[in-house]
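> below are the sequence and a predicted model for it; my questions follow.
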Amino acid sequence: MMIEPFKNIAEANSELRALVNGAGFEFDCGCGGNLNSEIAIVAEAPGDREVQQRMPLIGGSGHYLWNILRKNKLGRNDVFITNVIKRKLVSSAGAHELAPKKEKQTIPKTERVIWQHILQEELSRLPNLKFVVALGPGHPGVVHVQSCTCYARTTDGSRVPHGPG
């Protein structure tokens, strides 16, 4: 049975919020962009601005990325945008204030596995996905991906796992 694609970003974020909350985690920032794109850009986790506006890649890293992508005629509406982890990776001193500098949290392996499954579910609902660009601290513009499931399309349109996994 094929999983139904998301109908719109609001539905995607509603369903992601339910998955994240059901796993016992906070949902600080959802997805954005074009659900029908062939390209998904996946960042590590939301920062302060992303949490405040609940939109991925709008802070400093996003500004840098979009400047580069615009040179190649790609904008926010041309790609699907999300984070692996949907909550901010800092220890929160105040429940309502975001302090300027905080220590990053380490994520236990069991939690990382849950986030990986949520991301796989999210990406599996994108009907035209062909490329996943992973961003993070590994290299400028590229994350060291320890575990990634990529998909290829068969001639009948079904998806099969492809690549490292």
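Arrived safely.
> quote the end-to-end distance of stretch 48-63.
The separation between the terminal residues of stretch 48-63, taken as Cα to Cα, to the nearest Å, is 14 Å.
> residue 110: what secondary structure?
helix (DSSP: H, G, I helix; E, B strand; the rest coil).
> could you find the closest non-adjacent residue to residue 119?
Once flanking residues are discounted, residue 119 sits nearest to residue 84: 5.3 Å by Cβ to Cβ, 6 or more residues apart in numbering. Every C-beta, even on glycine, is put in place using the N, C-alpha and C of the backbone.
> burial of residue 106, as a residue count?
8 (other Cβ atoms under 10 Å).
> now do the contacts for it.
Going by Cβ atoms under 8 Å, 6 or more residues apart in numbering, residue 106 touches no other residue.
> read off the pLDDT value for it.
For residue 106, the pLDDT comes out at 73.
> ok so, going back, near the residue nearest to residue 119, how many other residues are there?
Residue 84, neighbours per other Cβ under 10 Å, totals 20.
> report pLDDT for it.
93.
> contact partners for it?
By Cβ under 8 Å, 6+ apart, the residues touching residue 84 are 42, 43, 44, 45, 115, 116, 119.
> and for the residue nearest to the fourth one when sequence neighbours are not counted, the neighbour number?
Leaving aside its chain neighbours, residue 45 sits nearest to residue 85 (4.0 Å; criterion: Cβ to Cβ, 6+ apart). Residues lying near residue 85 (other Cβ under 10 Å) number 23.
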